[in-house]
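**Student:** this one's sequence-less:
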């Protein structure tokens, strides 16, 4: 069996009758699938324990996430393979702690609020793959490393170090966050996993059968960046936001890497290095997307692939075929020299330096 403990925030004030009704409906539904537990309502928060067979718990959790009466559901703890129930006689016991002015209840409310806020913050700093392990009741530190095949995507802003020296730190931070948001949203929407950020770079991976999804994610980002540049002021940093993508397919080592101070659950190996080197090659081929041959072979859709030459990437023994896409979204790519010249024309370097002084 499995047991989960979660906390959520109520979307609106619920009357005693509504909370009682929630408990009655939950008790009836849970009884049918063998789930037991307790629901505690404290002012703006629900605190709930559910226990039962894993499939039944998964179905109930999915239903709870869709319930419009509350939001920000955070699973605080998940336990798998439990042998005994904590609440064997309660298909769903409902308890409301809502007496106004009670200092003990106020302390409980504050505690739950702090827990919810802390978990929201922790989730922002935690890799999605690690969160998935935690919600499934798996200790991420206990997951052994393994060799597996992945499509690795490496993205990087063009001329970031140069541009960041010329603009206020607030604008630099805003643009980097906007870029990482666009990349991450596109990757996750297409079914990929964001492994880590390294400065203004994103390292992500897809399963071997997701070559088309990885390519769509790159096009999604390029299209969004074009919109952002078009809507930026002539001398705004966003106007000069271009990026490159390197995409490679091959064997990686997936697992925990780090120290007693900090751990990462990520991918390592030659395929990751190949993706990074393909990305750096985008400046040479004047296209924002460089693909390894294995990615081209893995694609299932009739993409307009374009062979741009054979290149000896660092670490490879022989020249490797490199491809890109013949797509309008890849036109107009600008490297360091072009961006710096465009900036001089649009803003005037002397004037820009005076404004930042």
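**Tutor:** Perfect, thanks for sending it. All of these numbers come straight from a predicted model, not from anything done at the bench.
**Student:** Stretch 301-315: which residues count as buried?
**Tutor:** 303, 305, 306, 308, 311, 313 (16 or more other C-beta atoms under 10 Å). Where you see a C-beta, it was placed from the backbone N, CA and C, and this is true even at glycine.
**Student:** The residues you listed in strands, which ones?
**Tutor:** 305, 306, 308, 311 (DSSP state E).
**Student:** ok, so of the buried residues of stretch 301-315, who is nearest residue 271?
**Tutor:** residue 313 (11.6 Å; C-beta to C-beta).
**Student:** which ones are touching that closest one?
**Tutor:** Counting by C-beta atoms under 8 Å, 6 or more residues apart in numbering, residue 313 touches 274, 277, 278, 281, 320.
**Student:** With secondary structure, neighbour count and distance to residue 160 added, can I get the residues you listed in a markdown table?
**Tutor:** Below are the contacts of residue 313 laid out as a markdown table (DSSP: H, G, I helix; E, B strand; the rest coil; neighbours: other C-beta atoms under 10 Å; distance: C-beta to C-beta, whole Å):
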| residue | secondary structure | neighbour count | distance to residue 160 |
| --- | --- | --- | --- |
| 274 | helix | 24 | 22 |
| 277 | helix | 21 | 18 |
| 278 | helix | 29 | 18 |
| 281 | helix | 19 | 17 |
| 320 | strand | 18 | 26 |
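**Student:** wait, which of these is closest to residue 222?
**Tutor:** Distances from residue 222 to those, taken by C-beta to C-beta, are shortest for residue 278, at 15.6 Å.
**Student:** pLDDT at that closest one, what is it?
**Tutor:** As summarised for this prediction, residue 278 has a pLDDT of 96.
**Student:** shouldn't it be in contact with residue 288?
**Tutor:** No - if you go by C-beta atoms under 8 Å, residue 278 and residue 288 don't touch, sitting 11.4 Å apart.
**Student:** Now the common contact residues for those two.
**Tutor:** In contact with both residue 278 and residue 288: no residue, using C-beta under 8 Å, 6+ apart.
**Student:** quick one: secondary structure of residue 220?
**Tutor:** helix (DSSP: H, G, I helix; E, B strand; the rest coil).
**Student:** ok, back up a step: single out whichever of the buried residues of stretch 301-315 has the smallest pLDDT.
**Tutor:** Within those, the minimum per-residue pLDDT falls on residue 313 (84).
**Student:** That residue and residue 274, how far apart?
**Tutor:** 6 Å (C-beta to C-beta, to the nearest Å).
**Student:** Can you show me the strands along this structure?
**Tutor:** 2-10, 36-42, 45-52, 70-80, 93-97, 146-157, 193-198, 201-206, 243-258, 263-268, 289-292, 305-311, 320-325.
**Student:** Next, format these as TSV and append distance to residue 171.
**Tutor:** As requested, the strands of the chain are exported to TSV (distance: least, C-beta to C-beta, whole Å):
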stretch	distance to residue 171
strand 2-10	33
strand 36-42	42
strand 45-52	38
strand 70-80	31
strand 93-97	47
strand 146-157	14
strand 193-198	19
strand 201-206	19
strand 243-258	17
strand 263-268	29
strand 289-292	27
strand 305-311	34
strand 320-325	31
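**Student:** Out of those strands, the one nearest residue 333 is which?
**Tutor:** Taking C-beta to C-beta, strand 243-258 is the member of those nearest to residue 333, at 7.9 Å.
**Student:** Great, nothing more from me.
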